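Asks: curious how this folds, go ahead:
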Amino acid sequence: GILRGVCETLHQERSAYDWVGFYLAEGEKQELVLGPYVGARTEHTRIPFGKGICGQVALSKETLVVPDVAAEDNYLSCSTDVKSEIVIPIVVGDRFVAQIDIDSHSLGRFGTSDRSLLQKLALALAPHFA
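Replies: Next up, the predicted model:
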């Protein structure tokens, strides 16, 4: 589907976007459920809202850029290869519906141009979740 295509395109087109995936909100359960992704397998298929970087974004509905995951207390480690991360919420109206999660094996990989591109992408994808 479209989400899988987005993962593949970002993974190919952007250097050091080493893991690209979607987490979908399961609102009744207050959980994130792993959707399509490209990259190493992850055991984090369900994440409670509030837990880890992804869970924080589910509650705040704000983009979070983590230049160095080792410096985060609330980080859920997938792999020691991951050094930095960006998580972008997808919101319909005021309802958090999903997020784009991207990991990099480089420190400080995600800058303002990444944030800007990915936030535009999140806006463009929002209607698919409405």
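Asks: distance of the residue most central in space within the chain from residue 80?
Replies: Of all residues in the chain, the one closest to the mean position by C-alpha atoms, centre = their mean is residue 101, 1.4 Å from it. Residue 101 sits 17 Å away from residue 80, going by C-beta to C-beta, to the nearest Å. Placement of C-beta: from N, CA and C, glycine included.
Asks: for residue 97, same thing?
Replies: 31 Å.
Asks: returning to that earlier point: secondary structure element holding the residue nearest to the centre of the chain?
Replies: Following DSSP states H and E, one finds residue 101 within strand 95-104.
Asks: what about residue 122, how many residues close to it?
Replies: 17 (other C-beta atoms under 10 Å).
Asks: so it versus residue 115, what's the distance?
Replies: The gap separating residue 122 from residue 115 is 10 Å, by C-beta to C-beta.
Asks: cool, residue 47 as well?
Replies: 21 Å.
Asks: tell me which of these two has more neighbours.
Replies: residue 47 (20 against 15).
Asks: what about that one, which SS state?
Replies: Here residue 47 takes the strand state, with states given by DSSP: H, G, I helix; E, B strand; the rest coil.
Asks: test my guess that residue 74 contacts residue 51.
Replies: Yes - contact criterion C-beta atoms under 8 Å: residue 74 and residue 51 qualify, at 7.4 Å.
Asks: which one's more surrounded, the two?
Replies: Neighbour count, other C-beta under 10 Å: between residue 74 and residue 51, residue 51 has more, with 17 against 11.
Asks: for the residue sitting furthest away from the middle of the chain, phi and psi?
Replies: For the chain, the residue at maximal distance from the C-alpha centroid (C-alpha atoms, centre = their mean) is residue 28, at 20.4 Å. Note on residue 28: backbone dihedrals following degrees, to the nearest 10 are phi -60, psi -40.
Asks: repeat that for residue 11.
Replies: phi -60, psi -40.
Asks: right, and it touches residue 38 too?
Replies: Yes - at 4.3 Å, residue 11 counts as touching residue 38 under the criterion of C-beta under 8 Å.
Asks: please save the CA atoms from stretch 28-36 in CSV.
Replies: Taking C-alpha atoms only, stretch 28-36 is exported to CSV below (Å, rounded to 0.1, in the frame of the first residue of the first chain):
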residue,chain,number,x,y,z
GLU,A,28,-9.1,2.4,22.7
LYS,A,29,-6.1,0.6,24.0
GLN,A,30,-3.8,3.6,24.1
GLU,A,31,-1.2,1.7,22.2
LEU,A,32,0.9,2.1,19.1
VAL,A,33,0.8,-0.9,16.7
LEU,A,34,3.7,-1.4,14.2
GLY,A,35,2.6,-0.9,10.6
PRO,A,36,4.7,-1.1,7.4
